[in-house]
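Participant: Following is a predicted model, sequence given first.
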Amino acid sequence: MKQEIDKKHRILVLGASGFIGEAIYRELCSYFNTYGTYRTDNYSFDKNQHYFQYNVLEDDIFEILEIVKPTVIVSALRGNFSAQVIAHAHICEYVIANNAKLLFLSSANVFDAYSKFPSYELDKTLSHSMYGHFKIKIENMLLRMPKKHIAIIRLPMVFGVQSPRIKEIKAFLKEGLPIEVFPNLVMNVTTETKLTQQIHYIINRNKSGVFHLGSSDLVHHDDFIKEVIETLGATKPILKNVYTTNEERYLAVLAKENKLPKHLQLESDAVLKELEV
């Protein structure tokens, strides 16, 4: 029996051809009327009535918003930073005018200038990287809006069988190339499976504010990547230690204010379990 599609929401996933965007689209499309955007020509997307081609540098997001009329927009966009800032300014106008909601996928990098501690939802953002700066710029734009219209979702490293990180590790193992590890980096992690369930919950329960969706435990980058490699069945990897600092450096987003229910939290070993399949 086909599940009844929930008419409550029309959802637009921006960047639905990327690893995370596509996972979110797949999670939501059986439950809601879900649409997605993709950037480069792709026959399977071209013929899917629910996918729209969108290039953040060339196209006006308003056109797609007008056609889809989403009640919820999930932004997993990648691409030119300044074009994205403009696009998100337009999305904010749409969200306010249409009483809609924007879920913006941000990053632990908004805290990459604070390396002494893990970061919590209400901590002040500060970044030394271009990527972190760009995410902060959009976050600040959203934080000026009424809270009910936005959810800022800060992510740590996301792993999954089809994730770019795992594909790269597999390719490097196959070719006998050194895999970079950062021994002093303390971080948390997540899987795309858990992340998509968390986003589904945030939409369903109409949650808003800032969310840190990483594992509740912390791991060292080098130890964790070694465990990943072991899980993938490789025995003699070549590892290249990269020391950016002599002290431990944290890049971890932990939940304190805005915790999700127990069944939606995860520990880092969940990532390894998922890779065993």
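Facilitator: Nice, thanks for sending it over.
Participant: going forward, measure contacts between C-alpha atoms and count neighbours the same way
Facilitator: Noted.
Participant: and residue 24, how many neighbours does it have?
Facilitator: Using other Cα atoms under 10 Å, residue 24 has 26 other residues around it.
Participant: Check the secondary structure at it for me.
Facilitator: Three-state assignment for residue 24 (DSSP: H, G, I helix; E, B strand; the rest coil): helix.
Participant: do you know how far it is from residue 35?
Facilitator: 11 Å (Cα to Cα, to the nearest Å).
Participant: got it, and residue 269?
Facilitator: From residue 269 to residue 35 the distance is 32 Å (Cα to Cα).
Participant: ok, now residue 70?
Facilitator: Distance of residue 70 to residue 35, given as Cα to Cα: 9 Å.
Participant: what's the overlap in contacts for those two?
Facilitator: 10-12 (Cα atoms under 8 Å, 6 or more residues apart in numbering).
Participant: how about low-confidence regions in the protein?
Facilitator: Residue ranges of the chain with pLDDT under 70: 1-6, 42-48, 277.
Participant: That one: helices as residue ranges?
Facilitator: According to DSSP state H, the chain carries its helices in the segments 19-28, 43-46, 61-68, 81-97, 130-143, 164-175, 192-204, 221-231, 269-276.
Participant: JSON lines please, covering the ones you listed and showing distance to residue 186.
Facilitator: Formatted as JSON lines, these follow (distance: least, Cα to Cα, whole Å):
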{"stretch": "helix 19-28", "distance to residue 186": "23"}
{"stretch": "helix 43-46", "distance to residue 186": "38"}
{"stretch": "helix 61-68", "distance to residue 186": "38"}
{"stretch": "helix 81-97", "distance to residue 186": "27"}
{"stretch": "helix 130-143", "distance to residue 186": "18"}
{"stretch": "helix 164-175", "distance to residue 186": "17"}
{"stretch": "helix 192-204", "distance to residue 186": "20"}
{"stretch": "helix 221-231", "distance to residue 186": "6"}
{"stretch": "helix 269-276", "distance to residue 186": "15"}
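Participant: most neighbours per residue, which of those?
Facilitator: helix 19-28 (a mean of 21; mean count of other Cα atoms under 10 Å).
Participant: CA atoms only for that one - export them in CSV, please.
Facilitator: What follows is helix 19-28 as a C-alpha-only set of coordinates in CSV (Å, rounded to 0.1, in the frame of the first residue of the first chain):
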residue,chain,number,x,y,z
PHE,A,19,25.8,13.6,-1.4
ILE,A,20,23.9,15.2,1.6
GLY,A,21,21.2,16.9,-0.5
GLU,A,22,20.3,13.7,-2.3
ALA,A,23,20.2,11.7,0.9
ILE,A,24,17.8,14.3,2.4
TYR,A,25,15.6,14.3,-0.8
ARG,A,26,15.4,10.4,-0.6
GLU,A,27,14.5,10.5,3.1
LEU,A,28,11.7,13.1,2.6
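Participant: quick one: the residue most central in space within the chain and residue 27, what's the gap?
Facilitator: By Cα atoms, centre = their mean, the chain has its centre lying nearest to residue 105, at 4.8 Å. Distance of residue 105 to residue 27, given as Cα to Cα: 16 Å.
Participant: And for residue 133?
Facilitator: Distance from residue 133 to residue 27, by Cα to Cα: 30 Å.
Participant: Residue 239 now?
Facilitator: 35 Å.
Participant: Repeat that for residue 212.
Facilitator: 20 Å.
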